Structures are given as structure tokens and as C-alpha cells.
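**Q** Dropping a prediction and its sequence here:
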Amino acid sequence: MRFLPVFLDLVNRPCLVVGGGVIATRKINRLLKAGAEVTVVAPELCDEVQSLCNDQKIRFVAADFSSMHLDSMVLVIAATDDEDINRQVSELAKSRNIPVNVVDNPKLCSFIMPSVVDRNPVQIAISTGGASPVLARLLRARLETMIPASFGRLAELMGKSRELVRKRFPDMNERRRFWEHILQGPVAEMLFAGQGKAALKTLEQQLNDESHIISNHGEVYLVGGGPGDPDLLTFRALRLMQQADVVLYDRLVAPEIVELVRKDAERIYVGKERNQHALPQENINQMLVRLAREGKRVLRLKGGDPFIFGRGGEEIETLSAEGIPFQVVPGITAAGGCASYAGIPLTHRDYAQSCIFVTGHLKDGTMNLNWNALVQPKQTIAVYMGTHGLEVLCSELIKRGLPENTPAAIVQQGTTQQQRVYIGTLKSLPEIPKQYEVKPPSMIIIGEVVKLHEKLAWFEPVGNTD
Ligand code: SAH
């Protein structure tokens, strides 16, 4: 090992940065974040450092660097674009045994600065020993995606509860088991989901568990899987998918997404074809409750966003009534996904100032919609579940006042490699499914914005061969 990783306590300690430009800014900010007392020596400052100086966050010495600036400093960073000055800073600091870092020049450094994943108070420092800062940054980006942004809250809670837990579990092994349980269970997930109070309460409950054996509490994650492209999952969705014990998914969730669920998790298909639910909604609600009661981490995976035409509300109402902990993870809804991948902005300064999401589900051959709200000028209409009622939809909109030639699109299997976009007008749209085999799921988008498809289409699905 060429370098020893250490974490320095620099709170209120005098540190010197030589240079006041853009490169220096980054270093100054990092020192300030660590609570250091920063002095900057430079003939002049860039705007950002100048504003730090104006706010009295740093002390500024307007001068060329000289040896006396090192007096009483505990750490020095040379960040000028003049190699001679950088070298001089390095040599002088080394001769006085002051740790010195020279930006982008490991040979002149007595310490190097790692790439940091900051989940305060948790800090993950990455170093390649100066060999490749780019590699360190790539690694950092990977870790950033794996570790929830709110990870620090967990460390804070652990720090606060440490004494309590030590008293409750004097035996070190028992204590370790307790913490492992907390870190992998509902308490951690509650914290990540911003449910701080519930997390603390659950932790206390588990501490007071008289049996000494920590009871296994189940929980439910209601997760939006997005419109199809697995790349559009959120970090949180993916993380929960990889730790769930059982997953309930329906037809709308793309197989590639189900593939990403933890390999040994139980997978339950709960159907939801049009008009023929494999499982009635009530049974799904009850199943979620039962599995959570068995102590399982249950992931209810839905297409798109769970709260947009996804009956997510109904499912968690039951959970809430039964006192089962749950959280909801939003997903990209079909309208957003299809619009982006078809190059049809849902709003646009020139064409649409609002966008309305409706379901075109037919009931007894009619569509129960607030037509007046739909036929407003400069508005995009995104219709979910609308292909079966396409004729009713288009003719009603025309009857209520939208021009026949209003541009309209059907986006089939949006965001997937099977995506197809059919463009027409309100008048011609119902003809499209007669001419082509339009496959579900499909979204209908109506409004002037559809015109932009021609210019803005960018996505080229490989499964679409025309
Ligand atoms: N909760 C989901 C919507 C469920 S309703 C969401 O937020 O997206 C189901 C309807 O969504 C389908 O009938 C179809 O109109 C639309 N849909 C879902 N995924 C789609 C996709 N990949 N492409 C086009 N439409 C889609």
C-alpha cells in the first residue's frame, strides 16, 4: 500500500490554499465542508472564491505565495496553474513537515485527496493511489447509485441510539445481531423513505421486545416499475427489488424488469388482463397483508407509477387499515415515458400549456369523461387504456369542439424495443388499429405537440424493423 487512508479532523484548524481559480474552488469548498479555517493566497480570485471571501467564509491574502504564508498552517493545498509555484509550495511545505497536496501532481504531494461518496456522517473515500482520478470518479459514481442518498440518516440514528442499545444488549454478539437486523430491516427502509419518526418508534419497540428474540416484522413496498425500459427504474426501486422476499407483479411489468428481482425471491403473478383480472383486487390486497404478517418483505411491483391509474391507493389503504408498514416508490408513468421516447413533449411554450391524464376505459360502451375539461385549447391529452374505446374517444372530442385535424398519436409499447409510434389526426386515428396490429399496452396522445414527433423522434428500437 503506497498511501495510508486517514480521516483528518480539521475543525477550526488553519489550512492554506494557494490559488484562487476554479480548481482551487473545489478544494476550498471541501476544506470548508470539513470545518477548516481556510486562508487563500492568490493575486486575484475567481467569482466563486470572491463570493466566499465576501461572505467571510475564507480569509484572503492578495499576494504571490511566499514561505511566510505557511506559518502555523496544518495543511496546504497548491492549486495554481503555474507549475513552478506549485513545486515551490510543495518543497517548502515538505521542508516544514506540513502535509501538502498539489492538484493533479501526485509526485509533489505528501497526501492525496480521495474521491468521496458523502453520506454524512458516513464518508467513503476512494483512491487509486494517484494512478487514475478518472477511475476513482467512475467507481464513485457506481457507489453513489448503490448507496441510498439518505444513508447518513441511518448512521445518525445508530449514533444516537448506541448507548441505549449497549445497555439493552450488554453482550457484544447479541448487540451485533440487533444492529444487523436494524440495518437490513424496516427501520433502515423507513429512514431511507423519509419516515424518521416511524423508524425511531420501531427501533424502540424492537429494543423493548421482552422476548430478546427480535420479532420479524414484515413490510410492503409499493413500487412503480416504469413503462418498460429497465433503465428507467429508480435507484430505490432497484434496491428494494433486490432485497424483497416476495414480489407480486402484474402483466404490465416488463419481463426484463421482473428479471432484476432478487434471484431467490418468490415471484407471484397477479395478472390484470383487461376485463379478466387473474386475481380480483380484493384478493391482492389481502395477499399483501397476509405475506407481510408472515414477516416478509413484500414488493408489489406495478407498471408505470403506482398512483397513476394503478390502483395503488386501494392497495395501501388496506395495509394502512391493518397497521402494516409500507412505502410507495414512484415510477415513470406511461405518459411521460411514451412522450419522451416518441419525441412528443407533453407541454411546449408554443403548443400546449397544460396536459391532462385520463383513462379511456369503456364502461357499457361509453366513456365517462369530463369532456369540457378535455377540449380546452393548448392542452395535451394523454389517454391511458384508450385503444379499445378509440372511436368513441375521437368522435366525442370532435363533437365537443376539437378540430378534426388535431394531431394525435398512438404509442405502442413505449420505451421498449417494440415501441411503435402511429401518427394521425383525431379523424384518422381510429383507422390505424384497423390497418395495423396495434399491440398493448398503448397510450394515446392528442394535441398540437404531436406535430413535433417528426422533428424530435430520437429513439430507435431494434425490435421495430420498419
Ligand atoms: N400505472 C401505470 C398505468 C396503468 S394503466 C402508469 O403509471 O403508467 C395501463 C395503461 O397504461 C395501458 O392500458 C396503457 O394505456 C398505458 N401503458 C402502460 N405502459 C405502457 C407502455 N409501455 N406503452 C404505452 N402505454 C402504456
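**A** Arrived safely, thanks for sending.
**Q** Show the pLDDT at the residue in the stretch 51-200 of the chain positioned nearest to the ligand.
**A** Closest to the ligand within the stretch 51-200 of the chain is Ala193: 19.6 Å, counting by CB to the nearest ligand atom. C-beta coordinates here come from the backbone N, C-alpha and C atoms, glycine included. According to the per-residue confidence, Ala193 scores 89 in pLDDT.
**Q** Can you report phi and psi for it?
**A** phi -90, psi 10 (degrees, to the nearest 10).
**Q** who's in contact with it?
**A** For Ala193, the contacting residues are 236, 327, taking CB atoms under 8 Å, 6 or more residues apart in numbering as the criterion.
**Q** can you check Ala382 too?
**A** Ala382 makes contact with 335, 338-339, 346, 355-358, 443-445 under the criterion CB under 8 Å, 6+ apart.
**Q** rerun at 10 Å
**A** With contacts taken as CB atoms under 10 Å, 6 or more residues apart in numbering, Ala382 has the following neighbours: 308, 333-336, 338-339, 344, 346, 355-358, 411, 443-447.
**Q** same deal with Glu219?
**A** Counting by CB under 10 Å, 6+ apart, Glu219 makes contact with 185-186, 189-190, 202, 240, 244, 292, 295-299, 319, 324-327.
**Q** and the residues you listed, which are buried?
**A** Among these, those buried by neighbour count (16 or more other CB atoms under 10 Å) are 185-186, 189-190, 202, 240, 244, 292, 296-299, 319, 324-327.
**Q** Return the subset of those lying in helices.
**A** Among the buried ones among the contacts of Glu219, the members found in helices (DSSP state H) are 186, 189-190, 202, 240, 292, 319.
**Q** Spell out which two among the residues you listed are the most distant pair, please.
**A** Every pair in these was compared (CB to CB); the two farthest apart turn out to be Thr202 and Leu240, at 17.2 Å.
**Q** give me the residue from the protein nearest the ligand.
**A** Gly304 (1.9 Å).
**Q** Tell me if I'm right that Arg153 and Arg119 touch.
**A** Yes: assessed by CB atoms under 10 Å, Arg153 is found in contact with Arg119 at 8.7 Å.
**Q** Kindly report the residues of the stretch 101-250 of the chain close to the ligand.
**A** In this structure, the stretch 101-250 of the chain approaches the ligand at residues 227-228, judged by CB under 6 Å from any ligand atom.
**Q** ok, which stretches of the stretch 101-250 of the chain are helices?
**A** Counting by DSSP state H, counting those that start in this stretch, the segments of the stretch 101-250 of the chain that form helices are 133-146, 151-168, 172-184, 186-192, 196-207, 235-241.
**Q** which residues of the stretch 201-350 of the chain fall in strands?
**A** 219-224, 246-249, 266-269, 297-302, 326-329 (DSSP state E, counting those that start in this stretch).
**Q** Indicate which one of the ones you listed is closest to Ser90.
**A** Nearest to Ser90 among these is strand 326-329 (49.3 Å), distances taken as CB to CB.
**Q** Adjacent strands (with direction) for that closest one?
**A** If you go by DSSP bridges, strand 326-329 pairs up with strand 219-224 (parallel).
**Q** quick check: domain ranges of the chain?
**A** With automatic domain parsing serving as the domain definition, the record reports that the chain contains domains spanning 14-113, 151-207, 219-332, 335-456.
**Q** circling back: now, of the helices of the stretch 101-250 of the chain, which is deepest in the fold?
**A** helix 186-192 (a mean of 23; mean count of other CB atoms under 10 Å).
**Q** Other residues contacting it?
**A** Residues outside helix 186-192 that contact it (CB under 10 Å, 6+ apart) are 148-158, 161, 181-182, 193, 195-206, 216-219, 221, 236, 239-240, 243, 297, 325-327.
**Q** how about 6 Å then?
**A** With contacts defined as CB atoms under 6 Å, 6 or more residues apart in numbering, helix 186-192 is touched by 148, 150, 153-154, 198-199, 202-203, 217, 219, 325.
**Q** And for stretch 315-333?
**A** Contacts with stretch 315-333, where a contact means CB under 6 Å, 6+ apart, come from 186, 193, 219-227, 232, 236-237, 285, 289, 292, 304-306, 308.
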